[in-house]
Structures are given as C-alpha cells and as structure tokens.
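Colleague: from the sequence below, what's the structure:
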Amino acid sequence: MSIYQNIFHYYRGQSKNSSEASQVLQVENKVTKAFLNVLQHSSYELTLAFLRFLGLELLSGEEHFEYLHQTSSQLPKATPFAAIVGIAESKELKVGTSRQYGIPDGAIISKEVSLLIENKIGYNSYLDVEQLNRHKAIFPPNQVVKVHPIILTWKEVRDFFKKQYKPFEEKSDILTCFLLEQFEEFCTINCIGDKQKSKEYFFLRFEKAKARELARHIDSYIWNSPEFNVIDAGTNDGIGYKIAGKPKFATLTTQRQRCLILHIGQKEQKLGLQIQSEIDKQLGIQYPRRTMNISNTHTKHIYV
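Modeller: Numbers count the residues shown, from 1 in each chain. Here you go, the predicted structure:
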C-alpha cells in the first residue's frame, strides 16, 4: 500500500500556507469524490446493494444512476423516494454548528430515488441538523422527502464495501474489486472510519518504500524488545514510545521531517546535541536543526 499509488488519494506535499480547516475541507471533498467514484465506475449492482443497505428496495432493479458532486442546482424532477444521507465518524447530530450556507457534497439520482449526501470527517466534526434540513431545498417543490435523514458512519460504509468484495470477486468483476480495494486503502491512508490514527497511517507517510519498511522495523524492534517494555506514549504527530512511569524516550514522527527522534537526558544536559554531532560524523550528514527545535537540546534526530 502506498499513498503515492492510491488512485483516490491526491498528494501535493506539505503546504505551509494551508490552514487546518482548509485541509479538512479538502479531504472531505476527496472522500465524497472517492465514495461516489467507487459506485459510479463499479457494477450498478454495487449501488443497488448500497441502496438495500440503506433500507431501500427499488422496484425495477434499474441499472442507470447519475452521480453528482457539489450539488447546487435544484433537481429537475421528483422521484418515488427521496432522502438526505449524512455520513460522518459519529451518528451524533449537532444544532447550529454549521455555516448558514452550503450545498450537499454529492447526490445519487435515478428514476426511482434521489439521495443528497452530506459528508463530515474527523471526530470533532459533526453533522448539523439545520444544514441537513436546508439541503431539502435542492429537491423539486413537489418532492416528498423522508422526514428524518439517513445517518451512517464511515466505519459502516467501509464495512459495507468490505463485505461486497467477495461477491464481486466470485463474479470475476475485476474492476469493482479493484475500486473497493482502493477505497479501503484510501480510508486507511486518511484515517477515515478509524477511531484513531493507526501505525499504518504513520508508516504510509514515509515516501520511499525502503523508508516505510525501515519505519516498520524500528517500531517492531522497540515494541517487541523486552529491554524496553514499551507502552504507547499517545503522540499526535507520530508513534511515541515510553516506559511506564518514565518520560517518552523516542518518537517515530512524520511531522515536518520524517525521522526517528531520540529523547536523551534533560534539556540542560544538552546530550542530544552531543550525540547528534557524533552520529552526524559517522553518517557524513549534518542534521539541519531548525529554529523551531533548537531549544530541544535533549533530542537526537535520525532520518528514516
């Protein structure tokens, strides 16, 4: 698995100017696009299965669906069934947390059904009742819309897609299976449908395959060595390691530089700088200690 080979994941490198809010919005748009692309380019039977998953049974078993992104125009005609579908990490709904404007992230349209989709990502981002209700204005005036929105979690969507893989594999539907695999990878890469960032999420941030493999070996060595008796340090920007009752002694980080940081002694001892200098001489490469971490004189950075 690689973030650089996944067909849904758009990689453009790190940006100093992009805010956290804009990055979240970009990922939200990518997730919606990936989700709809899987349905659009797979067998129509996958969409039918998804509608059954939502509790719908189409009378005709139709084969033609339209998949829309960022739906701003009013839908042209009413259908026998219409509903708002909200997908987020949690089924908890909030009130008054969204902007007073906004359009549905996507739609699935056919002769029998009209679904408008609102997507949220991250465990601090919730579907908003008022926003979901405002989306009903996209339906034509004579459309009867399901009173309550259909709410799903991204974990439920991932589990649904994973269960569909085997039936399509048995049908030798190579394309549908490929798209299902790519979507699952995409969710792993972007921590969609996961309660917390997994180790694999951080491993995949290392660009080169050899670096990813080395990161896995480092983690395995530290975690499995009885000399360390390590526990998870709960680090947000990578994988942190500590011994119970003691400070964190190492971080396999993907923030700024992708490297292994060793936390050595106390800051006033400056042991990190001494060992950094010694290892740099051995490697023949000087680590470029940036302004933001000059004060961290107890840390030693090793590129992975």
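Colleague: from now on I want contacts and neighbour counts done on CA atoms only, so please keep to that.
Modeller: Fine.
Colleague: show me where the stretch 101-250 of the chain has its strands.
Modeller: Under the criterion DSSP state E, counting those that start in this stretch, the stretch 101-250 of the chain carries strands at the ranges 106-109, 113-119, 127-128, 150-153, 230-232, 238-243, 248-253.
Colleague: what comes up buried for the first one?
Modeller: By neighbour count, and taking 16 or more other Cα atoms under 10 Å as the criterion, the buried residues in strand 106-109 are 106-109.
Colleague: nearest to residue 236 among those?
Modeller: Nearest to residue 236 out of the buried residues of strand 106-109 is residue 106 (Cα to Cα; 31.3 Å).
Colleague: ok, now which ones touch the closest residue to the closest one other than its chain neighbours?
Modeller: Nearest residue to residue 106, sequence neighbours excluded (Cα to Cα, 6 or more residues apart in numbering): residue 69, at 4.3 Å. Going by Cα atoms under 8 Å, 6 or more residues apart in numbering, residue 69 touches 32-33, 105-107.
Colleague: for residue 69, give its distance to residue 44.
Modeller: 18 Å (Cα to Cα, to the nearest Å).
Colleague: related to what we said a few turns ago, closest to residue 161 out of the contacts of residue 69?
Modeller: Of the contacts of residue 69, the one sitting nearest to residue 161 (Cα to Cα) turns out to be residue 32, at 14.6 Å.
Colleague: run a quick neighbour tally on that closest one.
Modeller: Per other Cα atoms under 10 Å, the neighbour tally for residue 32 reads 20.
Colleague: same question, residue 173
Modeller: By other Cα under 10 Å, 14 other residues sit near residue 173.
Colleague: contact partners for it?
Modeller: Taking Cα under 8 Å, 6+ apart as the definition, residue 173 has no contacts.
Colleague: for it, phi and psi?
Modeller: The phi/psi pair for residue 173 (degrees, to the nearest 10) reads phi -90, psi 90.
Colleague: distance of it from residue 44?
Modeller: Counting by Cα to Cα - residue 173 and residue 44 are separated by 12 Å.
Colleague: related to what we said a few turns ago, mind putting the buried residues of strand 106-109 into JSON lines with pLDDT and distance to residue 239?
Modeller: Shown next, in JSON lines, are those (pLDDT from 0 to 100; distance: Cα to Cα, whole Å):
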{"residue": "106", "pLDDT": "93", "distance to residue 239": "35"}
{"residue": "107", "pLDDT": "95", "distance to residue 239": "38"}
{"residue": "108", "pLDDT": "96", "distance to residue 239": "39"}
{"residue": "109", "pLDDT": "95", "distance to residue 239": "43"}
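Colleague: show the pLDDT at the nearest residue to residue 128 once chain neighbours are set aside.
Modeller: Sequence neighbours aside, residue 94 is the residue nearest to residue 128 in space, at 4.8 Å (criterion: Cα to Cα, 6+ apart). Per-residue pLDDT puts residue 94 at 90.
Colleague: what does residue 147 give?
Modeller: At residue 147, pLDDT is 93.
Colleague: who's in contact with the closest residue in space to it that isn't next to it in sequence?
Modeller: Excluding its sequence neighbours, the residue lying closest to residue 147 (Cα to Cα, 6+ apart) is residue 83, at 7.8 Å. Taking Cα under 8 Å, 6+ apart, we find residue 83 in contact with 114-116, 145-150.
Colleague: need the buried ones from those selected in PyMOL.
Modeller: Selection of buried members from the contacts of residue 83 for PyMOL, criterion 16+ other Cα under 10 Å:
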select buried, resi 114+115+116+145+149+150
